[in-house]
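1. mind looking at a prediction? Sequence and model below.
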Protein chains: 2
Amino acid sequence: MTRESELFAVPARRGRAVRINEGQAIKIINTHGEQVVDTWCFSAEDLTEFMSMEHIRPTLTRIFPRRGDQLVTNRRRPILYFEEDTSPGIHDTLMAACDDYRYGLLGCTEYHDNCTDNLRAAMRRLGLTVPECPSPLNLWMNIPVDSEGNTEWGEPVSKPGDYVVLRAQMDCVVAMSACPQDILPINGRQRAPTEAHYQVLD
Amino acid sequence: MTRESELFAVPARRGRAVRINEGQAIKIINTHGEQVVDTWCFSAEDLTEFMSMEHIRPTLTRIFPRRGDQLVTNRRRPILYFEEDTSPGIHDTLMAACDDYRYGLLGCTEYHDNCTDNLRAAMRRLGLTVPECPSPLNLWMNIPVDSEGNTEWGEPVSKPGDYVVLRAQMDCVVAMSACPQDILPINGRQRAPTEAHYQVLD
């Protein structure tokens, strides 16, 4: 039987990180249904080893991971097992975390909250400094790719309360950012970023 | 008129790097026609700024770059302009550089030459240490993606002498590895990695 811990929020437009041990899992919940959650995972022993989208794709020979997949690090070792997914399974591995440069190119003239800085801030709350911002697993981000390789900024197809469970294959630190993108419709056509939630499961 | 410099080899299964100034270009030649060349580009001023596949894709809204595209860094600044391409234009941005871990998973029991170590060795020849191995632009690597997101290890569709020209948008260091992959058919069905060549153009 799985023991569920307290429910924690990832506040809208912000990030959080949590350490979990091998065998524990993290349940990440799309509370309001249309929120993209950029997700990273670092080895607790060595932050230069982390979940890597460019290493996951050749391992899976698929650009979209799904339930039942092992998600590997930049040293090709399993770090998270994709155990459950109550959503239609649309997640993205192709797009970098947003950053202030990105919002500048989208027309913002002042600082904009962004997932790259959210990762750094979330890890600092645990006393950790990340060596870089790896390309994230963008949970619920809907990036259709056509046969010519063109991509679109789709709206999420998830619903309120959808969740994924990712089980740690080594001691690790999971970081999440409730993506503050409010210019493109990736967080829904309302372009209104919301909070998400997470729980640590034994 | 473009002045062409000496022709240099990237030996089979090895890497090379070269510094070029803003405005200069590098011509990378698929001498024997079926060789994948993993290609990286770092800012000469700061090696933590580099050409980044995950930042290129959202900028282009396309997973395959082509002639006429600006290739951007992890700070979203143009670093290389994709000026010419005599091949059919099939290149890959999805797959990590091969590494010794990868060949272990493919069944090798001894060390196998690999693009990740080739990058490090090529940069060391210039006295430079890379902070990481970014996901490379895999020139001529043919990774078809179907509508379900499944990928294949295709054979190159290029021919002997095909080349690309990438023009520097800032002072930079270009690194190339003639991919030593000889288990999958990405370097042709003969699975026989070959040399490639490059020239610096004014």
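-> Yes, it's here.
2. show me the beta-bridge partners of the nearest residue to residue A:126 once chain neighbours are set aside.
-> Leaving aside its chain neighbours, residue A:126 sits nearest to residue A:17 (5.5 Å; criterion: Cβ to Cβ, 6 or more residues apart in numbering or on different chains). No exception for glycine: its C-beta is placed from N, CA and C like everyone else's. According to DSSP bridges, the partner residues bridging residue A:17 are residue A:175.
3. my read: residue A:17 touches residue A:176, true?
-> Yes - counting by Cβ atoms under 8 Å, residue A:17 does reach residue A:176; the two are 7.3 Å apart.
4. who touches both of those two?
-> By the contact definition Cβ atoms under 8 Å, 6 or more residues apart in numbering or on different chains, residue A:17 and residue A:176 are jointly contacted by residue A:122.
5. pick out whichever of those two has more residues nearby.
-> Counted by other Cβ atoms under 10 Å in any protein chain shown, residue A:17 and residue A:176 do not tie: residue A:176 has more neighbours, with 29 against 23.
6. nearest residue to the middle of chain A?
-> Residue closest to the average C-alpha location in chain A (Cα atoms, centre = their mean): residue A:39, at 2.0 Å.
7. for residue A:53, which residues are in contact?
-> Shown in contact with residue A:53 (Cβ under 8 Å, 6+ apart): A:93, A:94, A:134, A:135, A:136, A:137, B:54.
8. up against chain B, what does chain A have?
-> Contacts of chain A with chain B, taken as Cβ under 8 Å from any Cβ of the partner chain, map to A:48, A:52-55, A:57-59, A:61-64, A:74-77, A:94-96, A:99, A:101-102, A:104-105, A:131-132, A:135, A:145-153.
9. tell me the pLDDT at residue A:2?
-> For residue A:2, the pLDDT comes out at 57.
10. and after the helix-or-strand element of chain A with minimal mean pLDDT, which helix or strand comes next?
-> One helix or strand of chain A scores below all others by mean pLDDT, DSSP states H and E: helix A:100-105, with a mean of 95. Per DSSP states H and E, the first helix or strand lying C-terminal to helix A:100-105 is helix A:115-125.
11. secondary structure element for residue A:191?
-> Using DSSP H and E, residue A:191 falls within no helix or strand.
12. tell me who's in contact with it.
-> Residue A:191 makes contacts with A:181, A:182, A:183, A:184, A:185, as judged by Cβ under 8 Å, 6+ apart.
13. how about the last one: what's its closest non-neighbour residue?
-> It refers to residue A:185. Computed as Cβ to Cβ, 6+ apart, the closest residue to residue A:185 that is not its neighbour in sequence is residue A:155, at 5.2 Å.
14. thought that neighbour was touching residue A:33?
-> No - using Cβ under 8 Å, residue A:155 is not in contact with residue A:33, being 10.7 Å away.
15. check the contacts of residue A:53 and tell me the two furthest apart.
-> Greatest spacing in the contacts of residue A:53, by Cβ to Cβ: A:94 and A:134 (13.4 Å).
16. just the strands in chain A please.
-> Ranges of strands within chain A are A:8-10, A:15-20, A:25-30, A:37-43, A:70-72, A:78-85, A:137-139, A:162-168, A:172-178, A:196-201, based on DSSP state E.
17. just say which of those strands is most tucked in.
-> Most buried of the strands of chain A by mean neighbour count (mean count of other Cβ atoms under 10 Å in any protein chain shown) is strand A:172-178; its value is a mean of 27.
18. for it, packing partners?
-> Counting contacts by 3 or more Cβ pairs under 8 Å, 6 or more residues apart in numbering or on different chains; DSSP states H and E, strand A:172-178 packs against strand A:8-10, strand A:15-20, strand A:37-43, strand A:78-85, helix A:115-125, strand A:196-201.
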